[in-house]
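Colleague: Sequence and computational prediction follow.
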Amino acid sequence: MHFNELKLNKSILKAISENNYDTPTLVQEKSIPLILNKRDLIVSAQTGTGKTAAFALPIIQLLFDRQDSSKKGKKIKALVISPTRELTLQIEANFKAYSKYSNLRTTAVYGGASIEPQKDILSKGVDILIATPGRLLDLHKQDYINLDYVETLVMDEADLMLDMGFIDDVRKIERLCPEQKQTLLFSATMPHKVIDLAKKVLHNPEKIEISPTSSTGKNINQILYYVPKSKKIELCLHLLRNTIKGSILIFRRTKFGVDKLEKTLLRNNYNVTSLHGDKSQNLRQDALNKFKNNEVNILIATDVAARGIDIDNLDAVINFDLPNIPETYVHRIGRTGRANKTGRAHSFCSADEKVYVQNIQKLIQLQLTVDNEHPYPLDPKAKPPIHKKKGSKYRKGRKSEASKKKKKRWY
Ligand code: AMP
């Protein structure tokens, strides 16, 4: 499925593509059409599945054609309540990014921060408010928040909100909003208390369940770097210098690639060895022993060479090239983050590999965290190089008569 098929307008689609989103995630595919149809929803989905955009995008779409012209006249039409300050800020950032090409105003209010600046922004008028329950009620009591015009109420991370003892506040907020509204409840887990709440506040809800595949351990920090192919070596050196430490397994797709990277890392004084199918059994065993005995801390390998060998408990895996088979990604990164240790998986994606990312994310039902801060970013508009079929150098008619004559003169 493509975002175009979800009935989102051009301004939203433009913002989405600037965020490097190619296709909707499963929770987005399922939720967006229902939210646009004004249905109530109960969604079980964890952070990482793309659930924020699953409610933010249709909410922006629903409000898009009714953006009040004057800021003062703005009324809160969408309210999102979330348990923590960090989450609130994250949701706010998402809304702001997706509504970049609109006049919709989003703000966040949360406890543990000075209330005065929040009052100032509220009195200027906002369309979309993201809030933690306590601060929301406080500001409502002081008359800075009017919930009479709320059309869509989102309860995000409902299980956490209830665990943190917000049940009464949540119920109160729900009652302060108009009776006739759309309510969307998102929760990572569905314990009884969340289902009870859903029964009380949702009207004839649709249920959506998104479970991440268990094969990718939760304790692996998976980071994606969009980078031009020609800059992957530089990015690798940068990360090895600054971020990635310990025992590291680097995967490359070809034997040639393994050798090339090994030479570069040796030249840069790294303790590195490699494994690939062209090496003799002795050399391969030798490389493995060195890595296992910690004589070297970096091993570069092709998938075939690394298959079946007993190396795990790694601190990090680097997918220098992304695998074209998504299951291979799961096997590769499964070598880190074992035995309750937190592992790291760093994946480099060049323009021609974007399609692999989509397939991987579909399989693992998680969105990889994108690092946009590294020094070698890929232009989001970069297209994969097209390899034109090269004709024979001596093809008839390749040279003009004029150039042939010129050549003769040379002799
Ligand atoms: P969430 O589950 O909402 O916390 O989102 C997890 C991450 O996925 C965030 O970094 C989002 O920016 C990213 N994300 C959301 N939707 C998509 C998409 N369709 N394609 C790629 N990344 C996405």
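Modeller: Nice, thanks for sending it over.

Colleague: residue contacts, the nearest residue to Ser123 once chain neighbours are set aside?
Modeller: Closest residue to Ser123 apart from its sequence neighbours, by C-beta to C-beta, 6 or more residues apart in numbering: Tyr144 at 6.6 Å. From N, CA and C alone the C-beta is placed, and that goes for glycine too. Residues counted as contacts of Tyr144 (C-beta atoms under 8 Å, 6 or more residues apart in numbering) are 118-119, 122-123.

Colleague: Buried among these? Need that as a selection in ChimeraX.
Modeller: In ChimeraX syntax, the buried subset of the contacts of Tyr144 is picked out as below (16 or more other C-beta atoms under 10 Å):
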select :118,122
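
Colleague: a markdown table for the contacts of Tyr144, including secondary structure, distance to Gln61 and pLDDT?
Modeller: Shown next, in a markdown table, are the contacts of Tyr144 (DSSP: H, G, I helix; E, B strand; the rest coil; distance: C-beta to C-beta, whole Å; pLDDT from 0 to 100):
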| residue | secondary structure | distance to Gln61 | pLDDT |
| --- | --- | --- | --- |
| Gln118 | helix | 27 | 96 |
| Lys119 | helix | 29 | 96 |
| Leu122 | helix | 24 | 95 |
| Ser123 | helix | 27 | 93 |
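
Colleague: and the residue nearest to Ser123, how far is that from Phe95?
Modeller: According to C-beta to C-beta, to the nearest Å, Tyr144 and Phe95 sit 20 Å apart.

Colleague: Buried residues in stretch 369-385, which are they?
Modeller: Per 16+ other C-beta under 10 Å, stretch 369-385 contains these buried residues: 371, 374, 376-378.

Colleague: Let me fix that, I meant to ask about stretch 97-111.
Modeller: 98-99, 102, 104-110.

Colleague: Is it correct that Val296 is in contact with Leu275?
Modeller: No - using C-beta atoms under 8 Å, Val296 makes no contact with Leu275, being 11.6 Å away.

Colleague: So between those two, which is more surrounded?
Modeller: For Val296 versus Leu275, neighbours defined as other C-beta atoms under 10 Å are more numerous around Leu275 (23 against 19).

Colleague: Neighbours of Leu137, how many?
Modeller: Using other C-beta under 10 Å, Leu137 has 17 other residues around it.

Colleague: Surely Thr273 is within a strand?
Modeller: Yes - Thr273 forms part of a strand when assessed by DSSP: H, G, I helix; E, B strand; the rest coil.

Colleague: Turn the buried residues of stretch 97-111 into a markdown table, columns for pLDDT and distance to Ala382.
Modeller: Output for these, formatted as a markdown table (pLDDT from 0 to 100; distance: C-beta to C-beta, whole Å):
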| residue | pLDDT | distance to Ala382 |
| --- | --- | --- |
| Tyr98 | 97 | 22 |
| Ser99 | 96 | 26 |
| Ser102 | 94 | 27 |
| Leu104 | 94 | 30 |
| Arg105 | 94 | 33 |
| Thr106 | 97 | 30 |
| Thr107 | 97 | 34 |
| Ala108 | 97 | 33 |
| Val109 | 96 | 39 |
| Tyr110 | 93 | 38 |
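
Colleague: closest to Gly48 among those residues?
Modeller: The closest of the buried residues of stretch 97-111 to Gly48 turns out to be Tyr98 (C-beta to C-beta; 17.8 Å).

Colleague: Give me the three-state assignment for the residue nearest to Ser123.
Modeller: Assigned by three-state DSSP, the conformation of Tyr144 is coil.

Colleague: is the residue in the stretch 201-350 of the chain that the ligand sits nearest to in a bridge, and if so with what?
Modeller: When scored by C-beta to the nearest ligand atom, the stretch 201-350 of the chain has Leu224 as its residue closest to the ligand, at 9.1 Å. Beta-bridge pairing for Leu224 (DSSP bridges): Ser347, Val370.

Colleague: ditto for Thr183
Modeller: Beta-bridge partners of Thr183, as defined by DSSP bridges: Leu153.

Colleague: end to end, how far does stretch 156-176 reach?
Modeller: End-to-end distance for stretch 156-176, by C-alpha to C-alpha, to the nearest Å: 18 Å.

Colleague: Now do the same for that stretch: mean pLDDT, whole number.
Modeller: Average pLDDT, stretch 156-176: 92.

Colleague: Please see if it touches the ligand.
Modeller: No - Stretch 156-176 stays clear of the ligand (C-beta under 6 Å from any ligand atom), getting no nearer than 9.2 Å.

Colleague: Tell me, how many residues neighbour the residue in the stretch 51-200 of the chain positioned nearest to the ligand?
Modeller: For the stretch 51-200 of the chain and the ligand, the shortest gap (C-beta to the nearest ligand atom) falls at Thr52, measuring 3.2 Å. Using other C-beta under 10 Å, Thr52 is surrounded by 24 other residues.

Colleague: which residue ranges form the helices in the stretch 1-150 of the chain?
Modeller: With helices called from DSSP state H, counting those that start in this stretch, the stretch 1-150 of the chain shows them at 10-18, 26-36, 51-64, 85-98, 115-123, 133-141.

Colleague: re earlier: go through the buried residues of stretch 369-385 and say which is closest to the ligand.
Modeller: Of all those, Asp371 has the smallest distance to the ligand: 10.4 Å, by C-beta to the nearest ligand atom.
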